[in-house]
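Peer 1: test case, fold it:
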Amino acid sequence: MRNLIKAGQNPGTTLKSISVCVFMFLVWIGFLFGTYAYADELKQPSAPVNTGTVDTGTVDSTEALIDLLKKKGLINESEAKGFLELHRQKIRETGQVITITSPDDQEEYLKGVSKQVTEKLTKDLNDLKDNYDFRTEDLIRRSILLEREIDRLEEVMTEEYKPQLQESSWAQRIRFGGDIRLRHESVLYDKKNARDILDPSNPPTQYKTNYINSTNDEHRQRIRLRVSANAKIIDPSDVNMGKVIAGVRLATGSVDNPVSTNHTLGHADKDNASVILDRAWVNWTYRPEEELMGKLMLIPEVSLTGGIMENPWMASNLVFDSDLGFEGVTLGLKTDTNPMNSFSGFLTLGYFPLEESERSQKDKYMIGAQAGFKHRPAYGWEYMLAAAIYDYKNIDGTAVTHITRTAQDEIDLEFMSPKYLQKGNSWFDMDQTQKKIDGVTDNHDVSPGLLSEFRILNISGQLDNSLFFPIQISLYWDWAKNLGYDPQKMGDKIGQSKAVIEADSGDIGYQAGLKVGYLKPRELWDWNLFVEYRYIESDAVLDAFTDSDFHGGGTNAKGFIFGGELGLYHNVWLNARWMSANEIDDMQHGTLPAQKDDLAIDTFQFSINTSF
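Peer 2: Numbers count the residues shown, from 1 in each chain. Next comes the predicted model:
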């Protein structure tokens, strides 16, 4: 009503005019129907009611109407007798009788009766209209006064409490949170594992060759702490330009390891746990509030995010570890602006710098694009499908073959060498500048470079059944293929044939899993169980960014994962996982020959988690 009054309209006048017109129309239709129905009754041969107080040429109209109402079933026999008795008593007291003429003069009499009834109804309607107008005008006056009083109070409160409101508004816009995880982890190695598997993250030098641990079991206690703050910068209720949110998160971990925020207790070479900037981002989201062609879903939700952010893709640990932070910018489009729609689609585009160097014209970066949809075909059923491409630029190595290493060679070798590797990807020594002095080879530090290019096609899907809510059954799968994998080109870099490269590498990875139970067990006795199978060939994905726990981290592994979660209290829960994995292809060795089972690893993790 406030908007109508302020717009200069009069809702009271419109409402009362419509009401009166409708009422008069209904009364007039009822009157005509009753009059002509009564005329038809008079034409029937039935005898009129005779009171004995009128002469034979006329009929008492009141008694005739009572008789007609009884015949129409509008009143029953006892009610008709009661009305007749009251009417006859009034005749005896006043001596006045309303009569109807004999059948010969009915038409003329009906016209007279119609005129009298019309005049009476018109007078009654006018009285009713005047009374309604008065009440409506009074209501409108009261409403206007109330609106003015509300506006006055708002102005007084705004001026008086403006500083306090501004302070409390900012306090309400900021939300703090975090979590702590205490974990026991046992990494169990098969005693038959090869002992000379080269460590790509710690390449050999001219003085020492480094190997990974492949036989000594590890039992360690680890802690993870994450503290975050999110601030609502712009709210859609403040200004119609979307929502702006900024977030920051600090975590334990190391700047040298992008896929783990764990701190291992008791490390002799580390006195204190380091804290890193784990997340720092700004997000702008615009969700349309108006319909287009009757459907909100035709207008996409637009989202723009920049900084160090969470994983923006629908993807599993097969491609990206859950702790990995994405540094860059993303643009997202969603059609599910109306949550009641059973079908929705999404599109995500991203650009992520990997390494920038002022000494090289070829910076390393990754560009990605993903499109997918979500559909609810029936109650309790929902599935999602998505296809993505992740294209890494300038990350593979190129051999340096000068007879004498130059200063530019040093720069190129340093830039092309990956800053972080786990294990699994095919690599080679890019420095081919060895020369012989007096017949002896001049040794040098190894400069590892990736043999393959990486342009990953990733297809992901998930099927959820919530018919037994809060128990949910989820089937999920992930498939990846490295389109940049070229065995011929890889072999040319190291002087090997295509067949040799294909024998010890591959470009396919996939996993499938089943999860049953509560989606997130955060209350007492909430639970879930899950099982997964994973198969990931050496060059299917970039080993630096894949899961850091399965098979000790990296690619070239296959095996099962079993686990579950159990809620103990509000935001306190247990988590346990068992991972059993073997290598797929022969690992890269030092001096010893390859063995059939180079590296088999079983991992057990038991965690106590709390969030706040």
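Peer 1: mind listing the helices for the stretch 51-200 of the chain?
Peer 2: Secondary structure of the stretch 51-200 of the chain (DSSP state H, counting those that start in this stretch): helices located at 61-71, 77-94, 106-173.
Peer 1: least reliable of those helices by average pLDDT, please.
Peer 2: Among those, helix 106-173 carries the lowest mean pLDDT, a mean of 67.
Peer 1: quick one: contacts of the helix or strand Lys481 falls within?
Peer 2: Here Lys481, judged by DSSP states H and E, is contained in strand 471-482. Residues outside strand 471-482 that contact it (C-beta atoms under 8 Å, 6 or more residues apart in numbering): 315-316, 318-319, 452, 454-466, 507-519, 536, 539-541. To be clear about C-beta, it is placed using only N, CA and C from the backbone, and glycine gets the same treatment.
Peer 1: can we see that at 7 Å?
Peer 2: 315-316, 318-319, 452, 454-466, 507-519, 539-541 (C-beta atoms under 7 Å, 6 or more residues apart in numbering).
Peer 1: and stretch 249-259, by the same measure?
Peer 2: So stretch 249-259 is contacted by 223-228, 260-263, 273-279, 321, 323-325, 420, 545, 548 (C-beta under 7 Å, 6+ apart).
Peer 1: now stretch 515-529
Peer 2: For stretch 515-529, the external contacting residues (C-beta under 7 Å, 6+ apart) are 470-474, 530, 564-571, 573.
Peer 1: could you list the buried residues of that stretch?
Peer 2: Lys515, Val516, Gly517, Tyr518, Pro521, Arg522, Asp526, Asn528 (16 or more other C-beta atoms under 10 Å).
Peer 1: check stretch 200-207 too.
Peer 2: For stretch 200-207, burial by neighbour count (16+ other C-beta under 10 Å) applies to Pro200, Ser201, Pro203, Pro204.
Peer 1: give me the residues contacting it.
Peer 2: With C-beta under 7 Å, 6+ apart, stretch 200-207 has contacts from Asn210, Tyr420, Leu421, Gln422, Lys423, Trp427, Asn443, His444, Asp445, Val446, Pro448.
Peer 1: how far is it from where the chain is centred?
Peer 2: 46 Å (C-alpha atoms, centre = their mean, to the nearest Å).
Peer 1: leaving out chain neighbours, which residue sits closest to Glu218?
Peer 2: Val187 (4.3 Å; C-beta to C-beta, 6 or more residues apart in numbering).
Peer 1: ok, the one you found - contacts?
Peer 2: Shown in contact with Val187 (C-beta under 7 Å, 6+ apart): Asp217, Glu218, Gly552, Ile601, Thr603.
Peer 1: and if we set it to 8 Å?
Peer 2: With contact set as C-beta under 8 Å, 6+ apart, Val187 has these partners: Asp217, Glu218, His219, Arg220, Gly552, Ile601, Asp602, Thr603.
Peer 1: narrow these to just the buried residues.
Peer 2: By 16+ other C-beta under 10 Å, the contacts of Val187 give Gly552, Ile601, Asp602, Thr603 as buried.
Peer 1: farthest pair in these?
Peer 2: Gly552 and Asp602 (10.4 Å; C-beta to C-beta).
Peer 1: okay, and the beta partners of Trp427?
Peer 2: Beta bridges link Trp427 to Leu450 when assigned by DSSP bridges.
Peer 1: heads up, I number from 481, so please use that
Peer 2: Understood, numbering begins at 481; the last thing we discussed is Trp907.
Peer 1: does it really touch Ser927, like I thought?
Peer 2: No. Between Trp907 and Ser927 there is no contact, the gap being 10.1 Å when judged by C-beta atoms under 8 Å.
Peer 1: what residues are shared contacts of those two?
Peer 2: Contacts common to Trp907 and Ser927, judged by C-beta under 8 Å, 6+ apart, are Gly877.
Peer 1: all helices for the stretch 781-930 of the chain, in order.
Peer 2: So, for the stretch 781-930 of the chain - with DSSP H, counting those that start in this stretch - the helices run 887-896.
Peer 1: could you pull out the strands in it for me?
Peer 2: Ranges of strands within the stretch 781-930 of the chain are 781-789, 806-814, 823-835, 844-858, 861-873, 907-909, 916-917, 920-921, 928-930, based on DSSP state E, counting those that start in this stretch.
Peer 1: pick the most buried one from the ones you listed.
Peer 2: strand 928-930 (a mean of 23; mean count of other C-beta atoms under 10 Å).
Peer 1: give me the angle between the next helix or strand after that strand and strand 844-858.
Peer 2: Note on strand 928-930: by DSSP H and E, the next helix or strand toward the C-terminus is strand 935-948. In terms of direction (axes from the mean of the first three to the mean of the last three C-alpha atoms, to 10 degrees), strand 935-948 departs from strand 844-858 by 30 degrees.
Peer 1: mind listing the strands strand 935-948 pairs with, and their directions?
Peer 2: Strand pairing for strand 935-948, using DSSP bridges, gives strand 861-873 (antiparallel), strand 951-962 (antiparallel).
Peer 1: can you give me the buried ones in the last one?
Peer 2: Applying a neighbour-count criterion of 16+ other C-beta under 10 Å, the buried positions in strand 951-962 are Gln952, Ser954, Tyr956, Trp957, Asp958, Trp959, Ala960, Lys961, Asn962.
Peer 1: and this protein, what are its domain boundaries?
Peer 2: Domain segmentation of the chain under automatic domain parsing yields 482-623, 655-707+722-1091.
Peer 1: quick one: Gln942 and His855 touch, right?
Peer 2: No. Applying C-beta under 8 Å, one finds Gln942 not in contact with His855, separated by 11.4 Å.
Peer 1: now the common contact residues for these two.
Peer 2: Here Gln942 and His855 have Tyr863, Met864 as joint contacts, going by C-beta under 8 Å, 6+ apart.
Peer 1: what sits opposite the spatially closest residue to Trp861 that is not a sequence neighbour in the beta ladder?
Peer 2: Taking C-beta to C-beta, 6+ apart, and ignoring the residues beside it in sequence, Trp861 has Asn945 as its nearest neighbour in space, at 6.0 Å. For Asn945, the residues forming beta bridges with it (DSSP bridges) are Trp861, Ile953.
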